[in-house]
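1. What follows is a predicted structure for the sequence shown.
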Amino acid sequence: MQFGKKRLQLYCRDCDLRFSIQSQRRNRRHYFCPLCGESVGVTLHIVKRTVPLTRYKHWTEEEKQKLIHLYNTTNYTSRDMAYIIGRPVKGVQHKLNRLRRLGLIN
Ligand SMILES: [Zn+2]
């Protein structure tokens with residue numbers, strides 16, 4: 001199940017840089033690295049939203065575990081993790097700070 005727009009997660013192997021963009025209506029063939037401006041080294045994978053966006057709700061244990069798992073097993077940005085979990089970016093950033101303070105993540 002997918003909700004809303006896709007985020008495109010891109011990686012430039014020349015610059016070792018990860019960046020992400022909202023997918024465009026018209027699929028472009030090449031995506032350009034914001035650092036080197038090249039499309040040669042840029043690879044793409046699509047990050048899909050798996051749950052609908054929820055706001056102003058307390059974090060469930062499940063969401064917390066999912067966030068910890070994503071944080072430990074991927075190098076997604078907080079924006080990508082927010083997108084996958086279905087929470088506002090600010091909420092995820094606050095949660096990460098809290099988890100860090102509690103020593104649950106590094
Ligand atoms: Zn680059």
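-> That came in fine, so what should we check first?

2. other SSEs contacting whichever strand or helix holds Asn72?
-> Using DSSP states H and E, Asn72 falls within helix 61-73. Helix 61-73 sits against helix 78-85, helix 89-101, with contacts defined as 3 or more C-beta pairs under 8 Å, 6 or more residues apart in numbering; DSSP states H and E. Heads up, the C-betas are built off the backbone N, CA and C, glycines and all.

3. just the ones you listed: most buried one?
-> Among those, helix 78-85 has the highest mean neighbour count (mean count of other C-beta atoms under 10 Å), at a mean of 21.

4. any idea of the mean pLDDT for that helix?
-> The average pLDDT within helix 78-85 is 89.

5. so what does it touch, helix or strand wise?
-> Helix 78-85 packs on strand 7-12, strand 42-47, helix 61-73, helix 89-101, going by 3+ C-beta pairs under 8 Å, 6+ apart.

6. right, and the ones you listed - which one's nearest the ion?
-> strand 7-12 (3.3 Å; C-beta to the ion).

7. can you give me the angle that closest one makes with helix 78-85?
-> Counting by axes from the mean of the first three to the mean of the last three C-alpha atoms, to 10 degrees, strand 7-12 lies at 140 degrees to helix 78-85.

8. quick check, strand 7-12 touching the ion?
-> Yes: part of strand 7-12 sits near the ion under the criterion C-beta under 5 Å from the ion, namely Cys12.

9. what pairs with that strand, and is each one parallel or antiparallel?
-> strand 17-22 (antiparallel), strand 42-47 (antiparallel) (DSSP bridges).

10. Least confident secondary structure element in the protein?
-> strand 42-47 (a mean of 72; mean pLDDT, DSSP states H and E).

11. Domain-wise, how is this protein divided?
-> What automatic domain parsing lists as the domains of the chain is 7-47, 61-101.

12. Can you say which of the ones you listed is packed in most?
-> Mean neighbour count (mean count of other C-beta under 10 Å) peaks for domain 61-101 among those, with a mean of 16.

13. Return the distance of Lys64 relative to Gly103.
-> 14 Å (C-beta to C-beta, to the nearest Å).

14. All set now, cheers.
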